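Novice: Quick check, what structure comes out for this input:
(2 chains)
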Amino acid sequence: MGSAVDDAVLDELRAIIGDTDRVLDNVSSRAVRTRVPAPFPVHRWAQHMPDVAVLPTSAEEVSEVVKLANRLRIPIVPRAGGTGLSDGAVPLKGGICVDVKLMNQIHEVDLVDRTVTVGPGINMLKLNERLRPHGVFYPDDPASYPCSLVGGRIGTGGWSLLGSRYGHTRDLVISMEVVLPTGEIVHIGEGGGRKLRKSSTGLTLKHLFTGHQGTLGICTQATLELVPRPETEFAAFFAFSDYMDAWRTTGALTKSGLATLAGVVLFDEWKLRYLRRDDEAYIPQPEDVRAVIAVAMYGRRAEVEPASKIVMELGRENAGRYLGDEISQGDWASRHDRYATPLHGRTLDGQAVPMSWHCEDAALNYSVLPQVREEWHAIVDRYIREYGIFDDWGMFAYTNGAHKPWGDYLVEIDVGIWEQRLDDTNWEAWVRCKREIAEVSLKYGGSITACHGATRAGDAELVPTEMGTSWEVVKRIKRALDPNNVMNPGKQMLDEAYE
Amino acid sequence: MSDTSSNGHEREFAERWRDNAYGCFSSGHKFCREVCPVMQVTRNENHTPTAFHANIVAMEQGLVTVADVADDFVHCTQCGACELRCPNTLFTGDFYRHRTRTVDVVKAMRALMVETGNERPAWKLWNERLAADHNEPVLGDVPVSQEHVADWADGLDIPIGGETVLFVDCEAAFYRTSYSRAFAQLLQLAGVEFGLMREQWCCGGPAAEMGYADLARKHAEHNVADWRAVGAKRVIAPDPHDYIAFTEDYPALFGDDYEFEIVLGVELIAELVRDGRIRLTHPVERTVTYHDPCRLNKRKGIHEAPRELLRAIPGLTFKDVDRVTQWSYCSGGGGGLPIEKPAITAEIARRRVERASELEVDALISACPWSERPLSDVGALEVMDLFELVAVSAGVTVTA
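Specialist: Sure thing, here's the model as predicted:
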């Protein structure tokens, strides 16, 4: 606790919200708005609770809550789905959790200019259920597609499995309504337009307000891209005995120039070992399968069908073996459900224990993938042997550039963590492990995070290093927009802006 | 109850459920949130299945008490959608013999609420009346009683006892009686021999769902004794809630000492139609959609038989919505929710009927009497039971 949320503040919040059911200061409401799926220091749970949660239903309510917080210097933590894989929605200094899930309305579907305007609390799957009869969809497609919410996607700067074809969250948001840290409600878009995809008027602010991890404001409405529902999809999985062969094929596929290519995913040997723990995965594959590539394309039949032949040819180069239609279509279709599962956790001696999931999400260039892979596995292996509460769940590399899949990758190493065994010593070990992984990314010219946000311990300390000469600019912007450091304080070392 | 003993209950509870809860807590993916019917209405994270499991971990750590979370655990219809949508259950459940047990956790927490003096007032009253009358007070202020439990069957000449006994749910016996009559008349048309119980008490399932475990056991023991006394070997349960009680709760209570074959009403009628013992010859020129009752579709995986019946009715235009889409649908009528939180039930039902109306149908067909009251109360669309519709097509005039 230790923040200034007292009875007088609670009374003011109730007056703003006007409904006591939407101002929650009881312990259960605070406890469940504490963690996200990222590894969590369970033994320090109480230190991460907000002091109160509010569930606003309008931008005006959000604005008044933020003004109150700004006036009294009370921390604000925005929370949408709470499904982030970093700590954007985890309170570090108590304060007011602004939970936007009730703002889940579809305000407008514009089939003429091809936009949909929604509140930040809506989920993409639910949105697409409503869009389906119109023959359009909103193609933001993370692994958390059935549970993450638009507001969180914008706050974290989300990455989509179909991003190579349709773009990622920031490419799919056309404009936004944002409540600034001082409480003003502002329009953020391309120039002054609400439904314009490009403008050169003024400054380009839109990217500033996507991926700030809740440190620059709270999105209260978003106008999003509508895309024609694809006539067809094509998915193919190829197996390789050698990672380097698979890596070369990944490069060939992404440089093929096929415009319907939605994404390429490269699985490494550790990932396949992990998946072999699951008898429902496609893994009853021979032991000599040491890498897999998944490719997906979306579009009109006239485009996808001829392109699929090229993909099949490229996939089979370098000794790639097609895994068949059933595995290809089935595993791609289940891509959202095939989430990391705690049941697959294993101790060094093979005992199954429930483990939480760390998902590294560095952005790295194609050229450095093989080297980073070796160094990352070596780090995790060292910690597994020393502490006995970690597990290496393998690596994925996903195409990262919107519409430009060839140059860089979202690179993921998944680490299982036995949270029930966490104490201060083990938690500090985990943070060190995390930091070493991130340092490798920086050493090879990468970025700590492609989409989750550099908000967890072990990442955050390195943000000034990664930002380098632009760190001063970042701090100036933060201080200018949030003079009292109330908006998600303590994240990404932005407190340095006030030193 | 003293604090110390309440703490003892909580510790024991947390210890019992912690591993199951941890499977959810440590992943925290929350796929369940958007299929949960309550959560779709309240959007309050306290009411997510994820929160229910997190609360157990928090209880283990001494962060919350049962009193702190009691109101949260009222927000559940026990429909089971969350368990189906859980990635743990979906993809690794069979392999590890693990199912995220949210429904059981909610029932157990509600039992703990009763044990520790954290009862909810409307549930307390409801179960006091159940204890007194042995049937649920489904008629509100109008008392129900054993004297009238078989009134629905007046004039149908159904004997008492026999090898096959028909169990008619409280809601169907006292409130939605046309449903029970349609079902019984269909059985008679097919020449199925069956009888009624001497004294039919509530199945006890709803009491168990609200946390009144002792009361539920008492009713279960009575009913089983009555079945044995009349020589029953088979029990026909037209109502999905009873079917859950007889196939899950009773076996858990009695173990090997439970010898009855339990037959689900809708599967029996589908079989009789399939075998030509009920012939659907009267066209029904209507356009309908089907509401998958949660306890059939989500809890028991039963979705074929109702659709088979609907497709067998001549003249009927059936606009189906697939069973997986319907994981996120609910009437709001289950788990005692309408007793404690009627406004949430009404909104869940309103949304369900709205989905049906979008299909431009003239009736919503259900196969669960407990769903039919909230769905009918919406008032926007006619709600019929599947048995009533089948009776029309079979040429049975359901007599009042």
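
Novice: I'd say residue B:175 and residue B:373 touch.
Specialist: Yes. Here residue B:175 reaches residue B:373: they are 6.9 Å apart, a contact under C-beta atoms under 8 Å. (C-beta placed from N, C-alpha, C; glycine too.)

Novice: Beta-bridge partners for residue 261, please?
Specialist: Let's take chain A. residue A:297 (DSSP bridges).

Novice: nope, chain B please
Specialist: Under the criterion used (DSSP bridges), residue B:261 bridges to residue B:234.

Novice: What distance do you get for it to residue B:180?
Specialist: In this view, residue B:261 and residue B:180 are 21 Å apart by C-beta to C-beta, to the nearest Å.

Novice: the more surrounded of the two?
Specialist: residue B:180 (27 against 12; other C-beta atoms under 10 Å in any protein chain shown).

Novice: Distance from the host helix or strand of that one to the middle of the chain?
Specialist: Using DSSP states H and E, residue B:180 sits within helix B:177-189. On the basis of C-alpha atoms, centre = their mean, to the nearest Å, helix B:177-189 is displaced by 20 Å from the centre of the chain it belongs to.

Novice: Next secondary structure element downstream of it?
Specialist: Heading C-terminal from helix B:177-189 (DSSP H and E), you reach helix B:205-209.

Novice: Residues in contact with the very next helix or strand once past that following helix: which ones?
Specialist: Using DSSP H and E, the next helix or strand after helix B:205-209 towards the C-terminus is helix B:213-229. The set of residues external to helix B:213-229 that reach it, using C-beta atoms under 8 Å, 6 or more residues apart in numbering or on different chains, is B:111, B:114, B:127, B:130-131, B:134, B:161, B:165, B:167, B:197-205, B:207-208, B:235, B:245, B:249-250, B:253-254, B:258, B:260.

Novice: can you pull the buried residues of helix B:213-229?
Specialist: B:213, B:215-220, B:222-224, B:226-227 (16 or more other C-beta atoms under 10 Å in any protein chain shown).

Novice: Kindly report the residues of the stretch 101-250 of chain A close to chain B.
Specialist: Counting by C-beta under 8 Å from any C-beta of the partner chain, the positions of the stretch 101-250 of chain A adjacent to chain B are A:101-102, A:104, A:121, A:123, A:125-126, A:129, A:144, A:146-147.

Novice: which of those has the most neighbours?
Specialist: Going by other C-beta under 10 Å, residue A:147 tops those with 29 neighbours.

Novice: Correct me if wrong: it contacts residue B:34.
Specialist: Yes. Using C-beta under 8 Å, residue A:147 is in contact with residue B:34, at 6.3 Å.

Novice: what is in contact with those two at once?
Specialist: Contacts common to residue A:147 and residue B:34, judged by C-beta under 8 Å, 6+ apart, are residue A:123.

Novice: need the helices for the stretch 351-499 of chain A, in chain order.
Specialist: Here the stretch 351-499 of chain A has its helices, by DSSP state H, counting those that start in this stretch, at A:369-387, A:424-443, A:463-467, A:471-481.

Novice: Residue of the stretch 151-300 of chain B nearest chain A, please.
Specialist: When scored by C-beta to the nearest C-beta, the stretch 151-300 of chain B has residue B:289 as its residue closest to chain A, at 15.3 Å.

Novice: Run through who's touching the strand or helix carrying that residue.
Specialist: If you go by DSSP H and E, residue B:289 is part of strand B:287-290. By C-beta under 8 Å, 6+ apart, the residues outside strand B:287-290 that reach it are B:306-307, B:310, B:316-321, B:356, B:359-367, B:384, B:386, B:389.

Novice: If any of those are buried, put those into a ChimeraX selection.
Specialist: A single ChimeraX command selects the buried members of the contacts of strand B:287-290 (16+ other C-beta under 10 Å):
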select /B:306,307,310,316,318,320,321,356,361,363,364,365,366,367,384,386,389
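
Novice: Narrow the contacts of strand B:287-290 to those in strands?
Specialist: When those are checked against strands (DSSP state E), the matches are B:317-318, B:363-366, B:384.

Novice: now the residues you listed as a markdown table including distance to chain A and pLDDT?
Specialist: Shown next, in a markdown table, are the ones in strands among the contacts of strand B:287-290 (distance: C-beta to the nearest C-beta, whole Å; pLDDT from 0 to 100):
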| residue | distance to chain A | pLDDT |
| --- | --- | --- |
| B:317 | 19 | 98 |
| B:318 | 19 | 98 |
| B:363 | 22 | 98 |
| B:364 | 19 | 98 |
| B:365 | 22 | 98 |
| B:366 | 22 | 97 |
| B:384 | 26 | 96 |
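
Novice: so where's the chain uncertain?
Specialist: Just going to use chain A. Within chain A, the stretches with pLDDT under 70 are A:1-3, A:278-284, A:338-339.

Novice: switch to chain B, that's the one I care about
Specialist: B:1-6, B:91-97, B:400.

Novice: The residue positioned nearest the centre of it: helix or strand, and which one exactly?
Specialist: Most central in chain B under C-alpha atoms, centre = their mean is residue B:241, positioned 3.2 Å from the mean C-alpha point. Assessed by DSSP H and E, residue B:241 sits inside helix B:240-244.

Novice: how close does residue B:45 sit to residue A:121?
Specialist: From residue B:45 to residue A:121 the distance is 11 Å (C-beta to C-beta).

Novice: do the same with residue A:290
Specialist: 43 Å.

Novice: same deal with residue A:78?
Specialist: 11 Å.

Novice: Check residue A:492 too.
Specialist: Distance from residue A:492 to residue A:121, by C-beta to C-beta: 24 Å.

Novice: Could you list the residues of chain B in contact with chain A?
Specialist: Of all the residues in chain B, those in contact range of chain A (C-beta under 8 Å from any C-beta) are B:19, B:22-23, B:26-31, B:33-34, B:43-46, B:48, B:50-51, B:54-55, B:57-58, B:61, B:63-64, B:68-69, B:72, B:85, B:87-88, B:90-92, B:94-96, B:98, B:325.

Novice: same thing but 7 Å
Specialist: B:22-23, B:26-31, B:33-34, B:43-46, B:51, B:54-55, B:58, B:61, B:63-64, B:68-69, B:72, B:87-88, B:90-92, B:95-96, B:98 (C-beta under 7 Å from any C-beta of the partner chain).
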